[in-house]
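Undergrad: give me the fold of what follows.
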Amino acid sequence: MAERRITESDMRAAEFSAMKLKEAGFTEVEMARAGFDCGELRAVGYNAVQLRCIGFSPEDLRLGGFPSEEVRDAGFSLNRLMRAGFTAYELKEDLMLELKDLVEAGFGALDLRAVGYH
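TA: Below you'll find the predicted structure:
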């Protein structure tokens, strides 16, 4: 295989989309290095596990549009999801969590009351 003469940064600077870079054979690592964010990489088919493996945080994944279930399944703890900005309501509903799970995740009394526990 011949070495590429054009870099992912060249493609990004020329305003090629993430899909075009993927079609051209660039990896998720190369696209992230060129500045594509988590949401852009998600839109072209990369999952939360793949993106975690290349260094994206749970905050990045949440901001990129991944639901809490996919972020948890990528290997992050409930406490890490809470610290990433997922609400007690999101975790309760999306993950079907019980009160004890939310307490163990680190949510406070007001958060728990707001989701219906009193």
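Undergrad: what segments of the chain are helices?
TA: Ranges of helices in the chain, per DSSP state H, are 8-13, 18-23, 28-33, 38-43, 48-53, 58-63, 68-73, 78-83, 88-95, 99-105, 109-114.
Undergrad: give me the mean pLDDT for the third one.
TA: Read that as helix 28-33. Per-residue pLDDT over helix 28-33 has a mean of 93.
Undergrad: list the helices and strands it packs on?
TA: Judged by 3 or more CB pairs under 8 Å, 6 or more residues apart in numbering; DSSP states H and E, helix 28-33 is in contact with helix 8-13, helix 18-23, helix 38-43, helix 48-53. Yep, even glycine has a C-beta here, placed from its N, CA and C like the rest.
Undergrad: related to what we said a few turns ago, could the helices of the chain go into CSV alongside mean neighbour count?
TA: Below are the helices of the chain laid out as CSV (neighbours: other CB atoms under 10 Å):
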stretch, mean neighbour count
helix 8-13, 16
helix 18-23, 17
helix 28-33, 19
helix 38-43, 18
helix 48-53, 18
helix 58-63, 20
helix 68-73, 20
helix 78-83, 18
helix 88-95, 18
helix 99-105, 15
helix 109-114, 13
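Undergrad: where among these is average confidence lowest?
TA: helix 8-13 (a mean of 83).
Undergrad: for that one, give me every contacting residue.
TA: Contacts with helix 8-13, where a contact means CB atoms under 8 Å, 6 or more residues apart in numbering, come from 20-21, 24, 26, 30-31, 33-36.
Undergrad: mind putting those in CSV, distance to L81 included?
TA: CSV is the format used below for the contacts of helix 8-13 (distance: CB to CB, whole Å):
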residue, distance to L81
K20, 33
L21, 30
A24, 34
F26, 30
E30, 28
M31, 25
R33, 26
A34, 28
G35, 26
F36, 23
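Undergrad: thanks a lot, see you next time.
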